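1. What would the 3D arrangement of this be:
(2 chains)
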2 protein chains.
Amino acid sequence: MAKKTTSEKLGTIGERKAIDLVKSILSPGNEDIAVGPGDDCAAIKINDNYIVITTDMASEKTHFPPNITPYQIGWHIVAINLSDLAAKGAKPLGVVIAAGLPDSYDVKFLEDMFEGMNSCALTYDTAIIGGDMKSHDCITLTGTAIGKVPQSEFMSRLGAKKGDLLCVTGTIGNAGVGYYSLKHKQVPENRAAFVGLFEPKPKLAEGMALAKTGVVTSCMDISDGLANSLYQLAELNRVGFDLFFDDIPIAPKAFELAEKLSIPIEDLTIYFGGDYELVVTIKSDSWEVAREAVRAAGAKLSQIGIVTEKRELNLIKEGSKEILKNRGFEHFKWVD
Amino acid sequence: MAKKTTSEKLGTIGERKAIDLVKSILSPGNEDIAVGPGDDCAAIKINDNYIVITTDMASEKTHFPPNITPYQIGWHIVAINLSDLAAKGAKPLGVVIAAGLPDSYDVKFLEDMFEGMNSCALTYDTAIIGGDMKSHDCITLTGTAIGKVPQSEFMSRLGAKKGDLLCVTGTIGNAGVGYYSLKHKQVPENRAAFVGLFEPKPKLAEGMALAKTGVVTSCMDISDGLANSLYQLAELNRVGFDLFFDDIPIAPKAFELAEKLSIPIEDLTIYFGGDYELVVTIKSDSWEVAREAVRAAGAKLSQIGIVTEKRELNLIKEGSKEILKNRGFEHFKWVD
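-> Below you'll find the model as predicted:
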């Protein structure tokens, strides 16, 4: 990216352009860096493995609505980082936390928050192994997770090819139901979804199972929303997608709430982030292998589309086709 | 720590108590976690190596005085993390950065800051390999560095024994000169020290050289100040120290400025943080080995004291002995 943008403000250029700019500044590193900025995780060669590492910051401004509990704040920051490991097929080795906290907060808040972090780490057979704590004006948490995956099993974002099957794990729409329930004060009826929004479950077992099959051509998590994630995969892989809306495994609650609030069902599902499922492309002859692997891991894989040569993203719903919107969650332009 | 403190505020209990509380909550993790919270880095066993990881958060409130440039903000966050790797004898593998930035900032700020990060990483033969960028009310940066060290070379904070030699790398007082120059508007006369405060040089070559000797019994960086670091080492190792003030390699500028401002020289040096040298304890018969190793790495090691059995920290200056104060930089109680 040219330097001509430098008189602009960060709030004007948006997150993706800012990231592109940063990537243009950074040096590539040595030959041990197998994957640098731009994937869910960076990857470093160590013997036959990759050590993968990912970092995510969350703060009051962008991530913590008033209803979230300290325990959930803690769970969330660990879960979203583990989700990035899941997308690479990695097994977690540990999580470190940098916490910036206001002096005025109760010690009880700290306790509950770290209990949430510890609980999430334990649930996924890992631990909080270090960190940093600082006084800060507004609560700010950065989690960093590291994991390990055999080089041969690493699932990159790069590799989707025409004809590959587009698949997703689990169910879509739980986070959207949580968010819109909150926004429209429908919380009591949707407590489970509300928990889903604040206590996402990283798909580590699914990621490791898929990685071992060797039939995945690309993978990422859909924390930015399914539509937005597909746009990212399409751009990276120079491909398009036909997305079959009717095949997307949507939570029944999402249909109920969309109807009740007169919101398009797409807004609660494919155009909303926070579900932390994995989207994968699979070799066209390997559907059974992938599905069985995920089933054996106790979860579900659904085919929801196909990779196309033409760089166009189509949403096919009840037989009619429209262009999928490139909408989802983007910071620096966060409006809601 | 008992839960009775939970009605208190974080600003009242201070950073160390908060960290102790967090440590009491966290589960230890599996047998691959060789070092958990409480050292400069966590360490995970991978074959014959440890993968070490450290994270540090810096924000406008606690770390960025008005005079610092965006380039220096970037350099600083990378350098302080690499310093933690240095203290373990590790070789850096990569750094990830989570950046929370106000929408109102210029794109030029982002560019300059990442150029500082990149430049620091390159200087120490590593790279910024990934990250996260978010909108934030006040600039907040979290760096996380990972490195690798053979298990046999890892330098723990734990291991100092009675009779060991207490040593420090480099020169003490540059950061203090920078800070007090700024505070008392003596900047033009002390520009170099000022740069030293904002662009610390992590002692990676020194750390790796010392690690290979096998004669180091404990090590940490002195970012919290020499006195404070010695209190941390003493507590962990259940030992004491005799610190010979006259043997401390103090920057001549520190003496000059202390005199000019009528500040005790101790305040600019042992009671002030930010120098990012390494303090090590060395087996009593191995002084030559350690000194030669650091010299071969192009730097200097000085013996400044001795490890004692009695859990008392003495400052010996011009033949007279006083108790070393446990003073240094502590967040949540930051007054200056």
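2. Residue ranges in chain A under the pLDDT threshold?
-> Per-residue confidence for chain A (pLDDT under 70) gives these ranges: A:1-6, A:187-193, A:329-336.
3. residue ranges for the strands of the stretch 201-336 of chain A, please.
-> A:216-221, A:240-244, A:278-282, A:301-308, A:313-317, A:320-323 (DSSP state E, counting those that start in this stretch).
4. Out of those strands, which is the most enclosed?
-> Sort the strands of the stretch 201-336 of chain A by mean neighbour count, taking mean count of other CB atoms under 10 Å in any protein chain shown, and strand A:278-282 sits at the top with a mean of 27. The C-beta positions use only the backbone N, C-alpha and C, and glycine is treated the same way.
5. contacting residues for the residue nearest to the spatial centre of chain A?
-> Of all residues in chain A, the one closest to the mean position by CA atoms, centre = their mean is A:S223, 2.8 Å from it. By CB atoms under 8 Å, 6 or more residues apart in numbering or on different chains, A:S223 lies in contact with A:I80, A:S83, A:S229, A:G273, A:G274, A:D275, A:Y276, A:F329.
6. Wait, a helix at the first one?
-> Yes - applying DSSP: H, G, I helix; E, B strand; the rest coil, one finds A:I80 inside a helix.
7. Chain neighbours aside, what residue packs nearest to it?
-> A:D56 (5.1 Å; CB to CB, 6 or more residues apart in numbering or on different chains).
8. between the helix or strand that neighbour falls within and strand B:49-59, how big is the angle?
-> A:D56 is part of strand A:49-59, with elements assigned from DSSP states H and E. With axes from the mean of the first three to the mean of the last three CA atoms, to 10 degrees as the criterion, the two stretches strand A:49-59 and strand B:49-59 enclose an angle of 20 degrees.
9. List the neighbouring strands of strand A:49-59 plus their orientation.
-> Sheet pairing of strand A:49-59 (DSSP bridges) gives strand A:42-46 (antiparallel), strand A:140-150 (antiparallel).
10. quick one: which of the contacts of A:S223 has the most company?
-> Highest neighbour count within these, by other CB atoms under 10 Å in any protein chain shown: A:D275, with 31 neighbours.
11. how far away is that one from chain B?
-> Using CB to the nearest CB, to the nearest Å, one obtains 19 Å as the distance from A:D275 to chain B.
12. Quick check: bridge partners of A:L101?
-> In this structure, A:L101 has beta-bridge partners A:S135, where bridges are defined by DSSP bridges.
13. Let me see the contact set for A:D164.
-> Contact criterion CB under 8 Å, 6+ apart gives A:T217, A:S218, A:T281, A:I282, A:K283, A:S284, A:I306, A:V307 as the residues in contact with A:D164.
14. got a list of what A:A145 touches?
-> If you count contacts by CB under 8 Å, 6+ apart, A:A145 has them with A:I53, A:T54, A:T55, A:V78, A:N81, A:L82, A:D84, A:L85, A:P92, A:G94, A:V95, A:T126.
15. One more pass at 6 Å, please.
-> Contact analysis of A:A145 by CB atoms under 6 Å, 6 or more residues apart in numbering or on different chains lists A:T54, A:N81, A:L82, A:L85, A:V95.
16. near chain B, anything from whichever strand or helix holds A:A18?
-> Taking DSSP H and E as the criterion, the element that holds A:A18 is helix A:10-25. Yes - with CB under 6 Å from any CB of the partner chain as the criterion, chain B is reached by helix A:10-25 at A:L10, A:G11, A:A18, A:V22, A:I25.
17. wait, doesn't the first one sit right on B:D106?
-> This means A:L10. No - under the criterion of CB atoms under 6 Å, A:L10 lies out of contact with B:D106, with a separation of 7.5 Å.
18. Next, A:L122: secondary structure please.
-> Under three-state DSSP, A:L122 comes out as helix.
19. That one: neighbour count?
-> Applying other CB under 10 Å, we find 15 residues neighbouring A:L122.
20. Look up how far chain B lies from it.
-> A:L122 is 6 Å from chain B, by CB to the nearest CB.
21. And A:P252, by the same measure?
-> The spacing between A:P252 and chain B, counted by CB to the nearest CB, is 33 Å.
22. burial count for that residue?
-> Residues within reach of A:P252, counting by other CB under 10 Å, total 10.
23. Break down chain A into its helices, ranges please.
-> Under the criterion DSSP state H, chain A carries helices at the ranges A:10-25, A:60-63, A:70-86, A:107-123, A:174-183, A:191-198, A:204-213, A:226-237, A:252-261, A:265-268, A:287-296.
24. looking at those helices, which is buried most?
-> Scoring the helices of chain A by mean count of other CB under 10 Å, the most buried comes out as helix A:70-86, with a mean of 27.
25. so which of the contacts of A:S223 would you say is closest to chain B?
-> Within the contacts of A:S223, distances to chain B taken as CB to the nearest CB reach their minimum at A:I80, with 9.8 Å.
26. May I have the residues that are in contact with the closest residue in space to A:I33 that isn't next to it in sequence?
-> With sequence-adjacent residues excluded and distances taken as CB to CB, 6+ apart, A:I33 is closest to B:I129, at 5.5 Å. For B:I129, the set of contacting residues under the criterion of CB under 6 Å, 6+ apart consists of A:G29, A:I33, A:G36, A:A42, B:G94.
27. 7 Å instead, please
-> Contacts for B:I129 (CB atoms under 7 Å, 6 or more residues apart in numbering or on different chains) come out as A:G29, A:I33, A:G36, A:P37, A:A42, B:G94, B:V95, B:V96.
28. so the second one sits right up against B:G94, yeah?
-> Yes - contact between A:I33 and B:G94 holds when scored by CB atoms under 7 Å: they sit 6.3 Å apart.
29. Identify the contacts common to the two.
-> Contact with both A:I33 and B:G94 is made by residues A:I44, B:A127, B:I129, according to CB under 7 Å, 6+ apart.
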